[in-house]
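>>> just a sequence and a predicted model for now, questions to come.
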Amino acid sequence: MKPGDVVELLVEKGVYRGRGLAREAGRVVFVAGALPGDRVRARVEKVKRDWAEARVERLEAPSPQRRPAPCAHAARCGGCAYQELAPAAQVELKRGILVESLERARVPLAGVEVGVTASPEAGWRWRGRMHVDWIDGRPRLGFREEGAHVLVDVERCLQFTPGLQALADELRNGLVADPGGLSGVRELRLAEGGDGVTRVAALAVEGRLEPGAAARLAERVPGATGLGWQGSGPGAPFVRIAGEPCVFTPRPEGVLRSHVLSFFQGNAACLDALVLRALETVSGADRVLELYAGVGLFTLPLARRASHVRAVEAAPWAVEDARHNLAEHPTVQLVEDDVLRDAHAWARGRFDAALLDPPRAGAGPEVVDALARARVGRIGYVSCDPTTLARDLRRLGEHGFALRSLHLLDLFPDTFHLEAVAALER
């Protein structure tokens, strides 16, 4: 087998990042664009000693689980990997990927049942990004093809809530109306609040956005309660155009503010379920260490349940939001710092439990080792990447932590992404 060869393959199962796994001449082949049960003709793109990568050229016999994609852009758009798989089958596939990731890392799973929370397939996304390319002086808005920089022009994304789609439509029309003044726009970041009122957009701009063009755009986007832009240079400031750059989401414990540039969970339908599962992992703890606290999604309810919460976050926009959201909760000690840099302080603290929600790269060995030194008895780990979750759970196991529960939340339907909440004790 060599690059350029075309081979016929039977796809055995799905693996992380939306690929199918097949075998050819004793070698594992990861096939982009294939689903479990497909028989395909695929062109080989990369070959290593034990594995290869290929891409589907023709579907010879489709999997019985296949269905017509609900989105017309599914064949090209890189935003979704499982549009042609029914929602129930998607969840089961992701469950298998999560379990296999932990098993491959030798994380003991005996007696651990994997709970599942599904999501509506459409209209769930209330935060998103759209790329902008300019062709012959006209803007194209959409998402990149899988494995390529080619932009797929998407007028309607089925993931978006109606409010987010309306905001995207207004921005598209605004760019079309002023190509000369707005040709430096390269990306849109969109956010909608859970209050059903606030909708904000941030433009990523190459160079600078002239005040006149910014003002004209604001007039053409009446549905935005806030609008701003940011240049492409390192440390470029956020420049407000109109309104306030934050959205607001009511929660049982109060209202959460989040800046359009702050991270916030993107699935509106499953937010309650995620918070519930995360809080369950540290239920009853009196002193809680929270790492990667963000704007305070978990911190706010923890403040009502624990006598002391040390919440650590490094991202400036998120810290500013968290200060606002937690201002009336003196039981919370908010620390603006990198989690690892702050470890010298919290590793010596007295905490009953720790809750962490790291980025896709995971916590990593140094943070895990510091957690072990902190002598917490329980850990709740919220993860958006099964491979880094498995790596960190294995290392926690080496420090004496055992996995007690695991829950999969399908926060990203039709995509290969998944969210998991793990509870550990020692």
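Cool, got the structure.
>>> name the residues of the longest strand along the chain that come out as buried.
Criterion DSSP state E: the longest strand present in the chain is strand 51-61. Residues Ala52, Glu53, Ala54, Arg55, Val56, Leu59 are the ones in strand 51-61 that count as buried (16 or more other C-beta atoms under 10 Å). C-betas here are computed from N, CA, C, even on glycine.
>>> same check on stretch 240-250?
Buried residues in stretch 240-250 (16+ other C-beta under 10 Å): Ile241, Ala242, Gly243, Glu244, Pro245, Cys246, Val247, Phe248, Thr249.
>>> any idea which helix or strand in this protein has the lowest mean pLDDT?
When each helix and strand of the chain is scored by mean pLDDT, DSSP states H and E, helix 343-346 comes last, with a mean of 90.
>>> quick one, domains of this structure?
What automatic domain parsing lists as the domains of the chain is 6-66, 90-120+267-425, 127-248.
>>> highest average neighbour count across the ones you listed?
Most buried of these by mean neighbour count (mean count of other C-beta atoms under 10 Å) is domain 90-120+267-425; its value is a mean of 20.
>>> phi, psi of the residue nearest to Gly397 when sequence neighbours are not counted?
Nearest non-adjacent residue to Gly397, counting by C-beta to C-beta, 6 or more residues apart in numbering: Val107, 6.3 Å away. Per-residue torsions, Val107: phi -90, psi 120 (degrees, to the nearest 10).
>>> over to Ala318. Which of the three states is it?
Following DSSP: H, G, I helix; E, B strand; the rest coil, we place Ala318 in the helix state.
>>> end-to-end on stretch 143-156?
Stretch 143-156 stretches 11 Å from its first residue to its last (C-alpha to C-alpha, to the nearest Å).
>>> check which helices and strands the least confident helix or strand of the chain sits against.
Judged by 3 or more C-beta pairs under 8 Å, 6 or more residues apart in numbering; DSSP states H and E, helix 343-346 is in contact with helix 365-373.
>>> list the contacts of the helix it packs on.
Contacts to helix 365-373, defined as C-beta atoms under 8 Å, 6 or more residues apart in numbering, come from residues 291, 339-340, 343, 346-347, 354, 356, 358, 363, 379, 392, 395-396, 399-401.
>>> which residues sit in contact with the residue nearest to Ala361 when sequence neighbours are not counted?
Distances taken as C-beta to C-beta, 6+ apart place Thr388 nearest to Ala361, at 6.1 Å, with adjacent residues excluded. Residues near Thr388 by C-beta under 8 Å, 6+ apart: Pro358, Arg360, Ala361, Gly362, Ala363.
>>> what two of the residues you listed have the greatest distance between them?
Between any two of these, the greatest separation by C-beta to C-beta is 11.3 Å, found for Arg360 and Ala363.
>>> how near is the residue nearest the centre of the chain to Leu98?
For the chain, the residue nearest the mean C-alpha position is Cys384 (6.2 Å; C-alpha atoms, centre = their mean). Using C-beta to C-beta, to the nearest Å, Cys384 is found at 11 Å from Leu98.
>>> for the two, list the residues in contact with both.
In contact with both Cys384 and Leu98: Leu418, using C-beta under 8 Å, 6+ apart.
>>> got the end-to-end distance for stretch 60-68?
Using C-alpha to C-alpha, the two ends of stretch 60-68 sit 16 Å apart.
>>> how about the strands in the stretch 51-200 of the chain?
Per DSSP state E, counting those that start in this stretch, the stretch 51-200 of the chain carries strands over the ranges 51-61, 114-117, 127-135, 138-144, 151-153, 185-192, 199-205.
>>> re earlier: and the least confident helix or strand of the chain, how far out from the chain's middle?
Chain-centre distance of helix 343-346: 27 Å, with C-alpha atoms, centre = their mean, to the nearest Å.
>>> give me the contacts around the next helix or strand after that helix.
Scanning forward in sequence from helix 343-346 by DSSP states H and E, the next helix or strand is strand 353-356. Contacts to strand 353-356, defined as C-beta under 8 Å, 6+ apart, come from residues 278, 281-282, 285, 287-292, 298, 302, 339, 363, 367, 371, 374, 376-382.
>>> tell me which of these fall in helices.
Among the contacts of strand 353-356, DSSP state H puts Ala278, Leu302, Val367, Leu371 in helices.
>>> would you check which pair of those lies furthest apart?
Farthest apart among the ones in helices among the contacts of strand 353-356 by C-beta to C-beta are Leu302 and Val367. That separation is 19.2 Å.
>>> related to what we said a few turns ago, could the strands of the stretch 51-200 of the chain be laid out in a markdown table, adding mean pLDDT and distance to Leu227?
What follows is the strands of the stretch 51-200 of the chain, written out as a markdown table (pLDDT from 0 to 100; distance: least, C-beta to C-beta, whole Å):
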| stretch | mean pLDDT | distance to Leu227 |
| --- | --- | --- |
| strand 51-61 | 95 | 40 |
| strand 114-117 | 97 | 34 |
| strand 127-135 | 96 | 15 |
| strand 138-144 | 95 | 16 |
| strand 151-153 | 95 | 22 |
| strand 185-192 | 98 | 10 |
| strand 199-205 | 98 | 6 |
